[in-house]
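give me coordinates for this.
(2 chains)
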Amino acid sequence: MEHPILFISIILEKLGLPIPHGPVGHGLVEQLCAPYMTYTWFTMLFLVVVGKLTLGNLEMVPGKGQNFWEILIGGMDNFFVENMGRDLTDKLFPMIATFALYIAVANLIGLIPGFMSPTSSINTTLALTIIVWITHHIIGIRANGFAYVKHFLGPMPVLIPLMLPIELISNFARLLSLSIRLFGNIMAKETLLGILFMLAGAYFAPLPIMVLGVLVSLVQAMVFVLLTVVYFTQSNEHAH
Amino acid sequence: MSKMSKEMIHLLGNYGHIGFTFVAAIFIGMGGGIYLDQKVFDDRTTPWFTFIGLAFGIAAGFKSLFDIIKQQDKD
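Predicted structure coming up:
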């Protein structure tokens, strides 16, 4: 397939840094210059700079920028409180809200020509998922102590040999399904856009897919966050 | 956020991952079985752990469907 034009990679190449030609490079510098890494940093930089510009000086009567963030953060806060309660929200709000903003922005920048979504690489999504997966076990252990094991033992003692493997498998399946769903949706969007640009870009063929891309990007970010919240809630409550 | 879109997000979150979770459970079960057969027991038990893992994987897939239904009833 035609290699997409990624402007950060071009700039880095002009600066003399090695750009990997496969999906992942060899050696440390080449791996750090892989497109999904550079665009991850770009997304982080974007979020930090926009946050600094709009929230640099907080006012009692909010302006345009501050208003936007207040509505966004307030909406997310309400949503988390509804689903997992006040205590857990206060503890985990920074993490989940960061995930939401990062995934939404990372998905959406892929729609601009010259950019790619960092989330269209399995490395990024798997990293996010492993963080969520480990955190939900930590929450479970902190909330229930040793009784957290009961989550994996099924309803009665007789069924333990049957239920333990089943519960473990379905727990590991979370790791796989959460990462591959986000990766698959965004990678499909990127690939489809690339192919359509190559085939009929002059006739605006990618436009309908771009509209769908906006929808898919936002929905996938929401689904990731919602599932994170659901997993945290489940591991926080007592085993039946 | 309006009532409608909030409900939509809930439905998407609850049911949007059914297919992926089901398939992932089967793959993990069978992958674990194949690993046991080929790496741990060095091909001496060859078809058996694969089949046992596949059976557990399918059971885990159905159990995750059951969990989704149960969770929906609770809401």
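
what packs against the helix ranked longest in chain A?
Identified as the longest helix of chain A according to DSSP state H is helix A:160-200. Packing partners of helix A:160-200 (3 or more C-beta pairs under 8 Å, 6 or more residues apart in numbering or on different chains; DSSP states H and E): helix A:122-144, helix A:207-236, helix B:18-35, helix B:46-74. Heads up, the C-betas are built off the backbone N, CA and C, glycines and all.

keeping just the C-alphas, turn the first one into PDB.
Right, helix A:122-144. Extracted in PDB, the C-alpha atoms of helix A:122-144 (Å, rounded to 0.1, in the frame of the first residue of the first chain):
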ATOM      1  CA  ILE A 122      -1.700  -2.100  18.900                       C
ATOM      2  CA  ASN A 123       1.200  -1.000  21.100                       C
ATOM      3  CA  THR A 124      -0.700   2.200  22.300                       C
ATOM      4  CA  THR A 125      -4.000   0.500  22.900                       C
ATOM      5  CA  LEU A 126      -2.400  -2.500  24.600                       C
ATOM      6  CA  ALA A 127      -0.500  -0.100  26.900                       C
ATOM      7  CA  LEU A 128      -3.700   1.700  27.900                       C
ATOM      8  CA  THR A 129      -5.500  -1.600  28.400                       C
ATOM      9  CA  ILE A 130      -2.800  -3.100  30.600                       C
ATOM     10  CA  ILE A 131      -2.900   0.000  32.800                       C
ATOM     11  CA  VAL A 132      -6.700  -0.400  33.200                       C
ATOM     12  CA  TRP A 133      -6.400  -4.100  33.800                       C
ATOM     13  CA  ILE A 134      -3.800  -3.900  36.500                       C
ATOM     14  CA  THR A 135      -5.600  -0.900  38.100                       C
ATOM     15  CA  HIS A 136      -8.900  -2.800  38.400                       C
ATOM     16  CA  HIS A 137      -7.100  -5.700  40.200                       C
ATOM     17  CA  ILE A 138      -5.500  -3.200  42.600                       C
ATOM     18  CA  ILE A 139      -8.800  -1.600  43.300                       C
ATOM     19  CA  GLY A 140     -10.400  -5.100  43.900                       C
ATOM     20  CA  ILE A 141      -7.600  -6.100  46.300                       C
ATOM     21  CA  ARG A 142      -7.700  -2.800  48.200                       C
ATOM     22  CA  ALA A 143     -11.500  -2.800  48.500                       C
ATOM     23  CA  ASN A 144     -12.000  -6.500  49.400                       C
END
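
so does that helix get close to chain B?
No: using C-beta under 8 Å from any C-beta of the partner chain, we find that helix A:122-144 stays clear of chain B, coming within 11.4 Å at best.

so for that helix, what's the average pLDDT?
The average pLDDT within helix A:122-144 is 92.

what is that helix packed up against?
When contacts are defined as 3+ C-beta pairs under 8 Å, 6+ apart, helix A:122-144 packs onto helix A:35-55, helix A:86-109, helix A:160-200, helix A:207-236.

quick revisit: now do the longest helix of chain A: distance to the chain's middle.
Computed by C-alpha atoms, centre = their mean, to the nearest Å, the chain-centroid distance of helix A:160-200 equals 12 Å.
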